[in-house]
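K.L.:
I'd like to go over a predicted model; first the sequence, then the structure.
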Amino acid sequence: MPTRALSSTRLRGLLPELLRFGSVGAVAFVVDVGLFNLLRFGPGHLLEAKPLTAKVVSVAVATLVAWLGNRHWTFSDRRTASRTREFIGYSLVNVGGMVIAVGCLWFSHYVLGLQTALADNIAANVVGLGLGTAFRYLGYRSWVFTGDEEKPVAGVGPVLEPDQVG
């Protein structure tokens, strides 16, 4: 009976996917943090007094950027036949990730009283985003990109467990 533990062979097989996920996430991170700070502290201070609204808007835009990158690059070998179902699932997982980030910001800003630009960025874009990213990756693999994972990506073959190697 094969074990469910993450073997080094399986980890090596996941590494390219994790690197693609990280690259897409880095672009989405720049969009998220840049837009959040632009809305809060940029010209006109559009949402200066509304940090939670600024975070929701920035996450929504970054989500669209990340969905396109993850669908067409990171998980291109696991896409489902229904783009609509996939986008709805992707959006729901991102709402969960956003709730984590906004919850960290809310706790820091309103409960702890840490209301500087630095404190808001650390709460939302370091702690919240870090926890939310882990949640998103697991959610995408488990609930969103659930298509045929046996189709190889260019240069990456199927992941074999040690008991499957001849």
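P.N.:
Alright, I've got the coordinates.

K.L.:
Could you use CA atoms for every contact and neighbour count after this?
P.N.:
Noted.

K.L.:
and Phe135, what element?
P.N.:
helix 129-139 (DSSP states H and E).

K.L.:
Could you list the buried residues of that helix?
P.N.:
129-133, 135-137, 139 (16 or more other CA atoms under 10 Å).

K.L.:
Please report phi then psi for Phe75.
P.N.:
Dihedral pair for Phe75: phi -110, psi 30, per degrees, to the nearest 10.

K.L.:
Let's see stretch 49-59 as PDB, backbone CA atoms only.
P.N.:
Taking Å, rounded to 0.1, in the frame of the first residue of the first chain, the C-alpha atoms of stretch 49-59 are listed here in PDB:
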ATOM      1  CA  ALA A  49      -9.600  56.100   5.600                       C
ATOM      2  CA  LYS A  50     -10.800  52.800   4.300                       C
ATOM      3  CA  PRO A  51      -8.000  50.200   4.500                       C
ATOM      4  CA  LEU A  52     -10.300  47.200   4.300                       C
ATOM      5  CA  THR A  53     -12.000  48.500   1.100                       C
ATOM      6  CA  ALA A  54      -8.600  49.300  -0.500                       C
ATOM      7  CA  LYS A  55      -7.500  45.700   0.300                       C
ATOM      8  CA  VAL A  56     -10.600  44.100  -1.100                       C
ATOM      9  CA  VAL A  57     -10.200  46.100  -4.400                       C
ATOM     10  CA  SER A  58      -6.500  45.300  -4.700                       C
ATOM     11  CA  VAL A  59      -7.100  41.600  -4.000                       C
END
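
K.L.:
For it, give the mean pLDDT please.
P.N.:
Average pLDDT, stretch 49-59: 88.

K.L.:
Give me the residues contacting it.
P.N.:
31-33, 35-36, 39-40, 47, 98, 102, 105-106, 124 (CA atoms under 8 Å, 6 or more residues apart in numbering).

K.L.:
Tell me where the model's unsure across the chain.
P.N.:
Low-confidence segments of the chain (pLDDT under 70): 1-7, 10-11, 148-166.

K.L.:
Longest helix of it, counting residues only.
P.N.:
Ranked by residue count under DSSP state H, the longest helix found in the chain is helix 8-41.

K.L.:
Can you give me the buried ones in it?
P.N.:
13, 17-18, 20-25, 28-29, 31-33, 35-40.

K.L.:
Could you tell me the angle between the helix or strand encompassing Val99 and helix 129-139?
P.N.:
Using DSSP H and E, Val99 sits in helix 83-106. Angle, helix 83-106 to helix 129-139, by axes from the mean of the first three to the mean of the last three CA atoms, to 10 degrees: 150 degrees.
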